[in-house]
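1. here is my input; please provide its structure:
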Amino acid sequence: MQVNQVTVDLIRRVLKEKGNILLPANGKSMFPFIRQGDICHFKDCHPSMFKKGDVILFVMPPNQLVAHRFIKRIHVDNRISYLFKGDTNLLFDEPVLSDQIIGKMTMIERRKKLLDLNNNWSNIWGLLIIHLPMMSKILRKVTYRKEDFQY
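-> Residues are numbered from 1 along each chain as shown. Prediction:
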């Protein structure tokens, strides 16, 4: 989701003051785990607390809000960076620095139901996406094929 710097600053301030923020999902990169129109709940979280498969909200230049799955920490130019990937994306995102990170997703609100991400299903799904790259290829084909038939 494209936003301006004022919006990014506001999201950061709300997270710091309130501890969490709700944002609408936009896009297909995390389908079917996150769907268009879902309300995503994020909390403030330090990058040292990330575990493989967590869904993290971060900012990519120029002010693009992204919520993708955490893959691993890497070193780039003697700095710790973080690698993320959307479930239907075939490639990793560009490495992200800690100052680009906003928060960690804790719940998804879909059709007035809350899906807590601290459960076995969410953890297993995340690990399958990370360790079976073929799943991303299949999801990508299904997502775009499905889109072709929506008139």
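2. show me how far the helix ranked longest in the chain is from its chain's centre.
-> With secondary structure taken from DSSP state H, the chain has its longest helix at helix 133-148. Chain-centre distance of helix 133-148: 18 Å, with Cα atoms, centre = their mean, to the nearest Å.
3. give me the buried positions along it.
-> Neighbour-count burial for helix 133-148 flags 136, 139-140 (criterion: 16 or more other Cβ atoms under 10 Å). From N, CA and C alone the C-beta is placed, and that goes for glycine too.
4. can you list the helices and strands that the top strand by length along the chain packs against?
-> Longest strand in the chain, counting residues (DSSP state E): strand 64-76. For strand 64-76, the packing partners by 3 or more Cβ pairs under 8 Å, 6 or more residues apart in numbering; DSSP states H and E come out as strand 55-60, strand 79-85, helix 120-131.
5. would you mind finding the most buried of these?
-> The highest mean neighbour count among the helices and strands packed on strand 64-76, using mean count of other Cβ atoms under 10 Å, belongs to strand 55-60: a mean of 21.
6. and the angle for it with strand 79-85?
-> Calculated by axes from the mean of the first three to the mean of the last three Cα atoms, to 10 degrees, strand 55-60 forms an angle of 110 degrees with strand 79-85.
7. please name every helix or strand in contact with strand 55-60.
-> Short answer (3+ Cβ pairs under 8 Å, 6+ apart): strand 55-60 packs on strand 39-43, strand 64-76, strand 79-85, strand 101-110.
8. what's the closest of the ones you listed to residue 5?
-> Nearest to residue 5 among the helices and strands packed on strand 55-60 is strand 64-76; the distance by Cβ to Cβ comes to 11.7 Å.
9. and stretch 49-65, end to end?
-> 20 Å (Cα to Cα, to the nearest Å).
10. what mean pLDDT does it have?
-> For stretch 49-65, mean pLDDT rounds to 93.
11. change the start of the numbering to 58 and stick with it
-> That works, and once the first residue is 58, the last one we named lands at stretch 106-122.
12. how far does that stretch sit from the chain's center?
-> With Cα atoms, centre = their mean, you get 6 Å for stretch 106-122.
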